[in-house]
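Q: missing the sequence, but the structure's below:
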């Protein structure tokens, strides 16, 4: 009996030990599997977080770069604005010394067409440049009907070149009384660096209000394409501003000056050493008009009449002198090309005849687009 019980107990103990052994084995395998899975998950999480961090850093760097570029653009715009604001405060003599001094380049290849169509509407305001400048520089203006205050039909100009008042009336025989002058003549610009400018820059130069003034027609014709070494306004009070504007134009468009031109400019500015570069287009200092152009033309005959009518002192020893007659103006030279005709304005300019005025050989209405009596302006 005791032996049987003992055997039974041993069998039970053996079974219990086997169960514990199997359970222990099962527990150890599960633990290894779970640890491996956890490790893989942790690695994936770390990789994902690293990628997210890298993406966030790249985004931050891109935003920082974009911000820096925006700040740089704003700073550049601020500098340009400040430069524009300071333009009128820059001493002309200082800027003159910054202009290169070189010899005059050949005129080869020059034509008005190199600077684009005459009086283009570069600012796209619906009005050509000539009328823009007339509208800016004249006072008491009237406009042609239905042109949206573009075409000036009359006005008053206090001419800066001659210090005279000119009553402007648009018409075939009167429009030439007021002409639009390139302060730096286009031919001069061509020979002092404009050949190297782009077509667009040359077009801008020809139509830039900063380089344009409404002036006395005969004075403009007399100036032609002269620089400061060969021509200056007869109005001495305007010479400083005139030369300063030429310097401003040449600086703006990277043109140079010849030695003679430089010296002439410096000579003018030595009398007004604080003269600054004009900031905008148009005459800055109001012109003190001495007389009207009409009075100026009539002055000589009036003085002659007064001289003739004045009583002469009576002297027995010598007869009273009579005023010497005023020599009549020379008649225009005979023109051998009275029957000349031109196909277009390019041909006129190639012949060196531009602009043509109504009545001159070669003038034709087809060349005068605005009908003001001046063809191929």
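A: Great, that's in hand. All figures in this text were calculated on a predicted structure; none of them were measured in a lab.
Q: and residue 45, how far from residue 39?
A: Separation of residue 45 from residue 39 (C-beta to C-beta, to the nearest Å) stands at 11 Å. The C-beta positions use only the backbone N, C-alpha and C, and glycine is treated the same way.
Q: ok, residue 340 - contacts?
A: Going by C-beta atoms under 8 Å, 6 or more residues apart in numbering, residue 340 touches 361-362.
Q: neighbours of residue 37, how many?
A: When neighbours are defined as other C-beta atoms under 10 Å, residue 37 has 10 of them.
Q: no wait, residue 143
A: With other C-beta under 10 Å as criterion, residue 143 counts 18.
Q: for it, what are phi and psi?
A: Main-chain torsions, residue 143, degrees, to the nearest 10: phi -120, psi 150.
Q: so it sits against residue 155, correct?
A: No. Counting by C-beta atoms under 8 Å, residue 143 sits too far from residue 155 to count as a contact (9.4 Å).
Q: quick one: buried residues of stretch 115-132?
A: Buried residues in stretch 115-132, counted by 16 or more other C-beta atoms under 10 Å: 115-116, 118-119, 122, 127-132.
Q: can you list the weak-confidence ranges in the protein?
A: Along the chain, segments meeting pLDDT under 70 span 1-6, 8-9, 11, 13-36, 76-89, 291-338, 349-350, 352, 369-372.
Q: ok so, going back, which single one of the buried residues of stretch 115-132 is nearest to residue 216?
A: Proximity of those to residue 216 (C-beta to C-beta) peaks at residue 130, which lies at 15.6 Å.
Q: mind listing what the closest residue to that closest one other than its chain neighbours touches?
A: Excluding the flanking residues, the one nearest residue 130 by C-beta to C-beta, 6 or more residues apart in numbering is residue 119, at 4.4 Å. Residues in contact with residue 119 (C-beta under 8 Å, 6+ apart) are 128-130, 180, 207, 377.
Q: return the backbone torsion pair for residue 119.
A: Per degrees, to the nearest 10, the backbone of residue 119 is at phi 60, psi 50.
Q: for the residue nearest the centre of the chain, which residues are in contact?
A: Taking C-alpha atoms, centre = their mean as the criterion, residue 208 is the residue nearest the geometric centre of the chain, at 5.0 Å. Residue 208 sits next to 249, 252, 281 when contact means C-beta under 8 Å, 6+ apart.
Q: next one: residue 197
A: 205, 253-254.
Q: quick one: the helices in the stretch 251-377 of the chain, in order.
A: Along the stretch 251-377 of the chain, counting by DSSP state H, counting those that start in this stretch, helices occupy 259-269, 293-309, 345-350.
Q: now residue 201: closest residue in space that isn't a chain neighbour?
A: With C-beta to C-beta, 6+ apart, the residue lying closest to residue 201 is residue 253, at 6.8 Å.
Q: identify the residues contacting the one you found.
A: Contacts of residue 253 by C-beta under 8 Å, 6+ apart are 189, 193-194, 197, 201, 205.
Q: which of those residues lies closest to residue 258?
A: Of all these, residue 258 sits closest to residue 193, with 11.3 Å by C-beta to C-beta.
Q: count of residues packed around that closest one?
A: Count around residue 193 with other C-beta under 10 Å applied: 18.
Q: and if you look at residue 158?
A: Neighbour tally, residue 158, other C-beta under 10 Å: 19.
Q: same question for residue 274.
A: Residues lying near residue 274 (other C-beta under 10 Å) number 9.
Q: now it: how far from residue 280?
A: The gap separating residue 274 from residue 280 is 19 Å, by C-beta to C-beta.
Q: next one: phi and psi at the closest residue to residue 263 other than its chain neighbours?
A: Distances taken as C-beta to C-beta, 6+ apart put residue 229 closest to residue 263, at 7.3 Å, once the chain neighbours are dropped. The phi/psi pair for residue 229 (degrees, to the nearest 10) reads phi -80, psi -20.
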